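> Sharing a sequence plus its predicted fold:
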Amino acid sequence: MPDDQRPFRFFDNREKYLLFTTTCSEKQETARRIGLEFEQLAPRPPALRVFQAGAGEGTLLNRVLRQMHTRWPTLPFLVVVKEISPEFIRMAVRNLADRFREHPELVLVFTNMLYGEAPRLCPEKAEDRDRLLWRELALTGTSAHGFEAQINAEMAFVNEGWRYRQSPTSGSWFYCEPAVLVLYRADQSFVLDRVIPRKGETDDLGYELIIASQPYRSRLSAATKVRTLLAPLAKSLAPGGRMITIQAKGDDPGMEIIHEIWPDSNPFATQRHLLLDALRRDPSLGADRFDFIDPPDGTGEFRHCLQLNPHEAESSIGTSTLLAAWNAASYVAQIEDERLTEAMCHSGYLEATSRVLNRHGGLWFNNECFVVARRGD
């Protein structure tokens, strides 16, 4: 079976993901890069609208919302997040509940719909619209602890609404029923009346900012990435809105580890210029309505690092650090579990990891990004 058809999704392995996010600076550096786009945004009433293609455990969105609050402390925010994993929603609640305390004018929406549906909060098929599960929760009180407790009480709805099934051929996950969870503060309901999405009344949503950070399997073709994700999201931009896509680039010490075990591995074949070209040619977009921006290297590429203890790379590297480095390298390169299991039957993977860490005095990874901007009316 070709690589891009294997039933494997690297970001569904929660244990690998959490080890990666807690030992590397990827979320911090990605949020910093997203914040550079704020200069180009021109929010329009009634709210600044943001869409995120996958929340994970909420760390990245939390950091982005902090930056947004600093720049627009009194502006209403509508933040819509596509996330298919109920486990990640439970973790995101812990990370995001305090945002309602610092920024009361926040409406936070979770949905499990497909990328062609999620920005509009409306399924494509009539039978799915009839089965749509919709829950609106007006949070009472003023404390982050109270907000978290109230959202946690909705986990029965999440468990029911976020049931999913897997395609036996592509490995893609689909909802059993489409679901939407809308969260906002009850004491802000009057101010947010025009911001809160209502069931069946969301077709006119348009986003000033769309965040697509590591949203797909790297080995998928450019055509598949554009058709299934990037083009549908770009069409959801408001006039003047911007979509930033961030992906791993390779050509770093992390890939040196991978090449010591799998010399022919090439997980990053569709780099940003290929995706931009494919987007320009996509007939569904209308290229004359968009600008396809390849940022200069100063902002088009950035790195994140494995966070080592001081001087650890200069002395004996502990096994836990080697395992964290190996996990980060194999996670970024999206190595399938079967190949990982085979490689970890022998000590060669730790020896290769140690050599690379000693050679560079640490471990880092290169990310790249590009921007699609919808032209103003």
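Received the coordinates, thanks. Numbering: from 1, shown residues only.

> Where do the strands of the stretch 1-150 of the chain begin and end?
For the stretch 1-150 of the chain, the strands defined by DSSP state E, counting those that start in this stretch cover 48-53, 77-82, 106-111, 133-139.

> Now distance to I317, mean neighbour count and mean pLDDT too, for those, in JSON lines please.
Bear in mind the C-beta positions are built from the backbone N, C-alpha and C, glycine included. Output for the strands of the stretch 1-150 of the chain, formatted as JSON lines (distance: least, Cβ to Cβ, whole Å; neighbours: other Cβ atoms under 10 Å; pLDDT from 0 to 100):
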{"stretch": "strand 48-53", "distance to I317": "35", "mean neighbour count": "24", "mean pLDDT": "97"}
{"stretch": "strand 77-82", "distance to I317": "37", "mean neighbour count": "24", "mean pLDDT": "97"}
{"stretch": "strand 106-111", "distance to I317": "40", "mean neighbour count": "25", "mean pLDDT": "97"}
{"stretch": "strand 133-139", "distance to I317": "46", "mean neighbour count": "17", "mean pLDDT": "97"}
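
> out of the ones you listed, which comes closest to Y349?
The closest of the strands of the stretch 1-150 of the chain to Y349 is strand 48-53. By Cβ to Cβ, the value is 31.4 Å.

> Tell me the helices and strands packed up against the closest one.
helix 59-71, strand 77-82, strand 207-213 (3 or more Cβ pairs under 8 Å, 6 or more residues apart in numbering; DSSP states H and E).

> Can you say which of the strands of the stretch 1-150 of the chain is nearest to A325?
strand 48-53 (27.6 Å).

> how much does the closest one deviate in direction from strand 77-82?
10 degrees (axes from the mean of the first three to the mean of the last three Cα atoms, to 10 degrees).

> How many neighbouring residues does the residue lying closest to R33 once chain neighbours are set aside have?
Spatial nearest neighbour of R33, excluding adjacent residues (Cβ to Cβ, 6 or more residues apart in numbering): F302 at 5.5 Å. Residues lying near F302 (other Cβ atoms under 10 Å) number 20.

> Validate this expectation: F302 resides in a helix.
No. With DSSP: H, G, I helix; E, B strand; the rest coil as the criterion, F302 is strand rather than part of a helix.

> List the beta-bridge partners for it.
N367 (DSSP bridges).

> so where's the stretch 1-150 of the chain uncertain?
1-13 (pLDDT under 70).

> what ranges do the helices span in it?
Applying DSSP state H, counting those that start in this stretch to the stretch 1-150 of the chain gives helices spanning 14-23, 26-35, 59-71, 86-96, 99-102, 126-130, 144-152.

> Go through the fourth one and flag the buried ones.
By that I understand helix 86-96. For helix 86-96, burial by neighbour count (16 or more other Cβ atoms under 10 Å) applies to 86, 88-93, 95-96.

> ok so, going back, any chance of the helices of the stretch 1-150 of the chain in CSV, plus distance to C176?
Conversion of those to CSV gives the following (distance: least, Cβ to Cβ, whole Å):
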stretch, distance to C176
helix 14-23, 20
helix 26-35, 30
helix 59-71, 25
helix 86-96, 12
helix 99-102, 29
helix 126-130, 10
helix 144-152, 22
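
> So for N309, which of these sits nearest?
helix 14-23 (11.1 Å).

> still on that earlier bit, do you know the pLDDT at the residue nearest to R33?
F302 is assigned 95 on the pLDDT scale.

> what sits against it?
Contact analysis of F302 by Cβ atoms under 8 Å, 6 or more residues apart in numbering lists 29, 32-33, 366-367, 369.

> Tabulate the strands of the stretch 1-150 of the chain in a markdown table, adding columns for distance to R242.
Shown next, in a markdown table, are the strands of the stretch 1-150 of the chain (distance: least, Cβ to Cβ, whole Å):
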| stretch | distance to R242 |
| --- | --- |
| strand 48-53 | 11 |
| strand 77-82 | 15 |
| strand 106-111 | 20 |
| strand 133-139 | 29 |
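
> Which one of these lies nearest to S213?
strand 48-53 (7.5 Å).

> Can you tell me what sits against the closest one?
Taking Cβ under 8 Å, 6+ apart as the rule, strand 48-53 contacts 41, 60-61, 64, 68, 72, 75-82, 115, 118-119, 205-213, 215, 229, 233, 236, 238.

> Tell me the strands beside that strand, with direction?
strand 77-82 (parallel), strand 207-213 (parallel).

> buried stuff in the last one?
Residues of strand 207-213 classed as buried: 207-213 (neighbour count, 16+ other Cβ under 10 Å).

> what packs against the helix or strand that comes right after that strand?
Counting by DSSP states H and E, the next helix or strand C-terminal to strand 207-213 is helix 222-225. When contacts are defined as 3+ Cβ pairs under 8 Å, 6+ apart, helix 222-225 sits against helix 272-281.

> distance between the helix it packs on and the chain's centre?
Relative to its chain's centre, helix 272-281 lies at 20 Å (Cα atoms, centre = their mean, to the nearest Å).

> Quick one: list the elements packing against that helix.
By 3+ Cβ pairs under 8 Å, 6+ apart, helix 272-281 packs against helix 222-225, strand 237-248, strand 290-293, strand 364-374.

> Out of the buried residues of helix 86-96, which is nearest to E127?
Among the buried residues of helix 86-96, and counting by Cβ to Cβ, the member closest to E127 is P86, at 22.8 Å.

> Now do the SS call for Y349.
helix.

> With adjacent residues omitted, what lies nearest to it?
Nearest to Y349 is A343, by Cβ to Cβ, 6+ apart, at 5.0 Å.

> roughly how far apart are that neighbour and D337?
11 Å (Cβ to Cβ, to the nearest Å).

> So for these two, which sits in the more crowded spot?
A343 (17 against 12).

> OK, contacts around that one?
With Cβ under 8 Å, 6+ apart, A343 has these contacts: 261-262, 349.

> May I see the buried residues of stretch 277-297?
So for stretch 277-297, counting by 16+ other Cβ under 10 Å, buried means 278-279, 282, 285, 290, 292-293, 295.
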